[in-house]
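In: fold the following and give me the result.
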Amino acid sequence: MTTHGKYCDFDFYVASFDAANRYAGTEPTSSGLSLLEAVSEFYKRCGRYPSSTNIMLGVEYTTSRRDLEPTGKGAADLLQRVNGALKISRDFEQSEVLKHEGLIANNAVSFLKQQSENLYELSDKYTIECARKIAESLSQISGDPQKCRDLMAQLTDEYGLERCKVILANEYYGNSSGMLTPETAAYLDESCDRHDDRFNINAPPMALENLASAVREIEGLSDTENKILRAGLVNGDREQIQSCSAPIKSEIGHHNDLENNGLVPEDQWSL
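Out: Next comes the predicted model:
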């Protein structure tokens, strides 16, 4: 959504990069956003990715004021999450256009300062929502490892792996301490350092064991393998998923090549 300001036309973007993996992009940059859309996307990515993922919300602009910007266009970060810490970026002050554009230098920056203070409150809101979905599904899935894997594949995609781990660890600390296998207990012990009643799911030990096992499997899969799993094209434990994913990945890649050459219809699948 483009906004027409006094000195430039602008919209907003959100990008995220994995600092633990040579700053590879975690997913495509969302661009052409309104400020509210960008804030919403920024919060979602903060919940979806661990602190090692750096997340940027910024502004892109075009201008006819070549006296202020000779190239006629530019971009600057406004809000950043770096190493888990939020900060307002002062990059916009390096642009004569953005310094003059009050809708950015004053309005947008002030709004982002206010919103950043609400980040943890909103993050908790998403955690509560995710926990509720797990709790509501327990009666149908608790004794079935495959159904637990299906549910956690869906929720880790929607709410983020780290948030799901925190919910399960919270349950371990609050209700199931000492009732899980040593491997699962050690895994959950590293995922949470406090108990919060708002995140309770009231899972029986067997259900918590199955849910934690499912998350451990998902965490050990590549992005492509997770995508194939979420699509329901493979099932089984991690080794089975990894083994079965290779030929599926190859087939999808081959089909995409045929699509690119106009030999078969587009099926909307890509990896």
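
In: now do Glu69 against Ala203, distance only.
Out: Counting by Cβ to Cβ, to the nearest Å, the separation of Glu69 from Ala203 is 56 Å. Just so you know, the C-beta spots here come from the backbone N, C-alpha and C atoms, and that holds for glycine as well.

In: show me which of those two is the more surrounded one.
Out: Counted by other Cβ atoms under 10 Å, Glu69 and Ala203 do not tie: Ala203 has more neighbours, with 22 against 19.

In: now do Lys73, the pLDDT please.
Out: With respect to pLDDT, Lys73 scores 93.

In: show the contacting residues for it.
Out: Glu60, Tyr61, Thr62, Thr63 (Cβ atoms under 8 Å, 6 or more residues apart in numbering).

In: again, only using 6 Å
Out: Each residue near Lys73 by Cβ atoms under 6 Å, 6 or more residues apart in numbering is listed here: Thr62.

In: and what of Asp77?
Out: Contacts of Asp77 (Cβ under 6 Å, 6+ apart): Met56, Gly58, Ser89, Asp91.

In: where does it land in three-state SS?
Out: strand (DSSP: H, G, I helix; E, B strand; the rest coil).

In: how much space separates it from Ile134?
Out: Counting by Cβ to Cβ, the gap from Asp77 to Ile134 is 35 Å.

In: what's the host helix or strand of Ser40 in contact with?
Out: Here Ser40 sits within helix 35-48, counting by DSSP states H and E. For helix 35-48, the surrounding residues in contact (Cβ under 6 Å, 6+ apart) are 12, 14, 16, 30, 55, 57, 81, 108, 115, 122-123, 126, 160, 163.

In: mind checking which of those land in helices?
Out: Of the contacts of helix 35-48, the ones assigned to helices by DSSP state H are Gln115, Leu122, Ser123, Tyr126, Arg163.

In: all helices for the stretch 101-250 of the chain, in order.
Out: 102, 109-117, 119-141, 145-159, 161-171, 182-189, 205-219, 223-230, 238-260 (DSSP state H, counting those that start in this stretch).
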